[in-house]
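Student: pasting the sequence and the predicted model now:
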Amino acid sequence: MQTLRRIDVVGALLLIGGIAMFLCALQLGGYSAPWKSAKCSGLLLVACYPLWARWHPNPIIPRVLFSENRRVVLLSLAIIFVCGMNFYSALSFFPLIAEAVFATTPVLTGLRTLGFTAAVVHVRRLPEA
């Protein structure tokens, strides 16, 4: 029971809800929903998280990460961001380029790109050290 009390449920809801609403706002904002609507207010929840994390004794993102070794954390986040951009661009454009190069149907392109998909799934399932 003590372990359950240490979990930051409100912080998790602020972060998960805020990020989900922010992504929905990027998708809907300006087209099917105005930017000033409640659907596009996800950044307010994300902005409330640091205020909540300052009060909670065990926040989801520990304050120690940003107080000690700040350069290391920021550099790691920048590297992860660039790697993620590379991954999603490969995930999006690899099937399109494969279809254009091999001049096949979309189904055959999907079959040809199964190796790439299997590699991504396999790397994701590797045990953590």
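Tutor: That came through, no problem. Residues are numbered from 1 along each chain as shown.
Student: nearest residue to the residue nearest the centre of the chain in space, please, no chain neighbours.
Tutor: The centre of the chain sits closest to I19, judged by CA atoms, centre = their mean, with a distance of 8.4 Å. Counting by CB to CB, 6 or more residues apart in numbering, the nearest residue to I19 once its immediate chain neighbours are dropped is V46, at 6.4 Å. The C-beta positions use only the backbone N, C-alpha and C, and glycine is treated the same way.
Student: wait, doesn't the one you found sit right on L13?
Tutor: No. Using CB atoms under 8 Å, V46 makes no contact with L13, being 11.5 Å away.
Student: low-confidence ranges in this protein?
Tutor: Filtered on pLDDT under 70, the chain yields the residue ranges 39, 123-129.
Student: so what does the helix ranked longest in the chain touch, helix or strand wise?
Tutor: Taking DSSP state H as the criterion, the chain has its longest helix at helix 70-102. Under the contact definition 3 or more CB pairs under 8 Å, 6 or more residues apart in numbering; DSSP states H and E, helix 70-102 sits against helix 106-112, helix 114-124.
Student: how about the residue nearest to I19, secondary structure?
Tutor: Following DSSP: H, G, I helix; E, B strand; the rest coil, we place V46 in the helix state.
Student: so how far is G84 from C48?
Tutor: As judged by CB to CB, to the nearest Å, C48 and G84 stand 25 Å apart.
Student: with E68 instead?
Tutor: From E68 across to G84, the span is 25 Å (CB to CB).
Student: circling back to that earlier point, what angle do the longest helix of the chain and helix 114-124 make?
Tutor: Angle, helix 70-102 to helix 114-124, by axes from the mean of the first three to the mean of the last three CA atoms, to 10 degrees: 160 degrees.
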